[in-house]
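Student: Just to be clear, the model below is a prediction. Sequence and coordinates:
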Protein chains: 2
Amino acid sequence: MKGIILIMDGLGDRPLKELANQTPLQKANTPNMDKMAERGINGIMDSISPGIRPGSDTAHISILGYNPYEVYTGRGPFEASGVGLDIVPGDVAFRCNFSTVDDDFIVTDRRAGRIRDNTAELIESLNKMVIPGYEDVEIIFKESTGHRAVLVLRGENLSDEITDADPKVVGKAPKTVVPTNDTPHAKRTADLLNKLVKHSHNFLKDHPINLNRIKNNEPPANIIIPRGVGLVPEVESLNEKYNINSACIAETGLIMGIGRFAGMEIIEVEGATGGIDTNLDNIASTIVDSVNNTDYDFFLINIDGADEAGHDGMVKEKLEFIEKVDEVVISKLLELENVVIILTADHSTPISIMDHSGDPVPIVINGEGVRVDDVTRFNEIDSAKGGLSRIKGSDLMNILMDLMNNSSKFGA
Amino acid sequence: MKGIILIMDGLGDRPLKELANQTPLQKANTPNMDKMAERGINGIMDSISPGIRPGSDTAHISILGYNPYEVYTGRGPFEASGVGLDIVPGDVAFRCNFSTVDDDFIVTDRRAGRIRDNTAELIESLNKMVIPGYEDVEIIFKESTGHRAVLVLRGENLSDEITDADPKVVGKAPKTVVPTNDTPHAKRTADLLNKLVKHSHNFLKDHPINLNRIKNNEPPANIIIPRGVGLVPEVESLNEKYNINSACIAETGLIMGIGRFAGMEIIEVEGATGGIDTNLDNIASTIVDSVNNTDYDFFLINIDGADEAGHDGMVKEKLEFIEKVDEVVISKLLELENVVIILTADHSTPISIMDHSGDPVPIVINGEGVRVDDVTRFNEIDSAKGGLSRIKGSDLMNILMDLMNNSSKFGA
């Protein structure tokens, strides 16, 4: 028996006046999701806890059975993992922006003119950086999309108890990083960071890529500004934790990062954009192919478009994307055999909020042996009447493993 | 967006034969509560945990998002806060009775003839008390209602790991206080308490108030007997915890004490008695006025009458009080705008038990964006079928803050 958790990112919503007080999911025509509801056991789920507004990262961490309050030390480690860096416990990781500073070290553009190209070459230079006095610390940069990058510090006696360097607005110098705890490790790491920010300017200001940008009247990417510090935590891999062979099919670096962090194999999908324009056909065929023709027995799948539409407040687009996923992806899932399939979301992204909310999300489980209830529609309102009642994300893997007959008895 | 949690103290009940197996709330005619059910999302709530019989104090502590198992060190601190004493973390607080002892130091009346008057003058004398060897400990008494008072010990090296002085029955001497833990602080505090009880007799026995009582054949209030010891804990104020500006509208010292303890502003209501004879008109107009004309954005409101009727086993009175609250108070709440309103209870006080029970309580939430379910009646049975399912009191503030758009995202 194999198992799938399909997360429709940001699927949940609140009733909307323009939809006659229905949610986009309620209003959408979703015959295949409704068939899952009819065949399965339904409920609602708080991915972290009732009322808590989860990020996609913390929600997925919780759904995979890890405690986000322990594991989520900051965004840095998950960004680093997301761009494919092999981070190890003890690393201190950051998100970074390539930014532009003037001769007085004042930030004039936090995103260096939203630079898109050649950041890999800038990173190559930065990776030669050694900070005097900190020769024992390995400094690893890696480019992400656009003006984004990550930074990993690897070595002894480092700490994540430090502030951000990001001034958040233009017209100010990068912030001096200070320790948030009075320990030698925190002081040392803060000092290292301040030197690193200054050094990055020396490495980048006369770089040929930047000289070329200046010639073209583009803001040079002449400094690195780190934020979102986090200490890479030590965690048991998902495969060990649940005795499975797991793979992650995701569209975004953020979710791939969670997958890598949990030691999952990442299966990439051609044409997956993470938006409503993503290639759902390819996602569907990748799922079917991976379930039928690989040895992986657990799949975490994330489809991101509904979240994007929610953040943008686009009700029609959210509704239509849900219908498209129903038609293209869920229809294919219904044909799979010997699989326990869970369809749910990581959080709600209500159109009216244009951000995540703490509302629970609908959940349905299909598979042999589930206690089929009388719910016939998959949405925020109907699912709440199902046989699962209201569960927590942190219980989901245990529920799935039990239905897959893949868990051991606790006691006699 | 403002928020209200209206607690009808002890509202929940169990089915009663004399009500054709309905609860008082089920049987009562409550068109306004039912309108809230129809407009809102419904459920049941365990204010602490399923089956746990909460006190009103521990239930409110939990509903405000504090862990009662950590915070509730004893009843003393909350009684002290309830009578308006400004307690600080580290204080050791007690409830006390004025009692009567005879010449052999045997308690002849635990409540000193239920003395009602002039206890403030007795307290004035007691507050001059200094115990030899404990000059560094500040001893603060304050009268409460009737024969009740509170005692606060303030100083270094004190402990709440000590027993009660209350013998619980007449015909015995006050109990010798002993340490429950073998620490110098506990031993010291126990010794101080024993001396304080004896000293109180010296201060009180020849007090003019008591000489007068003896002359009138009334038992003199000639000793103070402390019990319910608790160490005042250090807690984050509710305003800091949730980034709000909060006020508490309550009838009883117990609930006002919880409010003060959480750093809330206390709004008193003229004519509020905490009984079924309370002035509900004044309570309703105080709520409406406070919501519409003050800067407070969160209100904890407690109406106590249903609990009193439950404790007294008076089914008709409980039912009629519920109907009166519906008519006088809930009708007014329905007219408020831009407010998320939660109507619930702190615990059940079943007529058949005449005390609190561990049964969950009904809950309904009204406000913009709530996922309206198909429940149309507010009571212990119908509410259980609603979209909230079964929640915990400790999640309630998070759920409310999310609906008020007043919470920050955990993660990205």
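Tutor: Structure's in. What do you need?
Student: Sketch out the helices for the stretch 151-300 of chain A, chain order is fine.
Tutor: With DSSP state H, counting those that start in this stretch as the criterion, the stretch 151-300 of chain A has helices at A:184-204, A:208-215, A:238-242, A:253-261, A:280-293.
Student: Make CSV from the ones you listed and add distance to B:Asn217 and mean pLDDT to it.
Tutor: Where C-beta positions appear, they are placed from N, C-alpha and C, glycine not excepted. Listed next are those as CSV, based on distance: least, Cβ to Cβ, whole Å; pLDDT from 0 to 100:
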stretch, distance to B:Asn217, mean pLDDT
helix A:184-204, 72, 96
helix A:208-215, 99, 96
helix A:238-242, 76, 98
helix A:253-261, 79, 94
helix A:280-293, 89, 98
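Student: so which of those helices is the most packed in?
Tutor: Among the helices of the stretch 151-300 of chain A, ranked by average contacts under mean count of other Cβ atoms under 10 Å in any protein chain shown, first place goes to helix A:253-261 (a mean of 25).
Student: re the thing from before, of all the helices of the stretch 151-300 of chain A, which one is nearest B:Ile363?
Tutor: Across the helices of the stretch 151-300 of chain A, B:Ile363 has its closest neighbour in helix A:253-261 (33.9 Å, Cβ to Cβ).
Student: Output that closest one as CSV, restricted to C-alpha atoms.
Tutor: Output of helix A:253-261 as CSV, limited to C-alpha atoms (Å, rounded to 0.1, in the frame of the first residue of the first chain):
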residue,chain,number,x,y,z
GLY,A,253,11.9,26.0,-3.7
LEU,A,254,10.3,26.6,-0.3
ILE,A,255,8.5,23.2,-0.4
MET,A,256,11.4,21.4,-2.0
GLY,A,257,13.5,22.8,0.8
ILE,A,258,11.2,21.2,3.4
GLY,A,259,11.3,18.0,1.5
ARG,A,260,15.1,18.0,1.4
PHE,A,261,15.3,19.0,5.0
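Student: can you list contacts of that helix?
Tutor: Applying Cβ atoms under 8 Å, 6 or more residues apart in numbering or on different chains, the contact partners of helix A:253-261 are A:9, A:56-57, A:60-61, A:64, A:77-84, A:87, A:144-145, A:235, A:248, A:250, A:265-266, A:300, A:302, A:304, B:412.
Student: Filter those residues down to the buried ones.
Tutor: Buried subset of the contacts of helix A:253-261 (neighbour count, 16 or more other Cβ atoms under 10 Å in any protein chain shown): A:9, A:56-57, A:60-61, A:64, A:77-83, A:87, A:144, A:235, A:248, A:250, A:265, A:300, A:302, A:304, B:412.
Student: Next, the contact list for the residue of the stretch 51-200 of chain A found nearest chain B, please.
Tutor: In the stretch 51-200 of chain A, the residue that lies nearest chain B is A:Gly55 (2.1 Å; Cβ to the nearest Cβ). Contact analysis of A:Gly55 by Cβ under 8 Å, 6+ apart lists A:His347, A:His356, B:Lys409, B:Phe410, B:Gly411, B:Ala412.
Student: how about the nearest residue to it, chain neighbours excluded?
Tutor: Sequence neighbours aside, B:Gly411 is the residue nearest to A:Gly55 in space, at 2.1 Å (criterion: Cβ to Cβ, 6 or more residues apart in numbering or on different chains).
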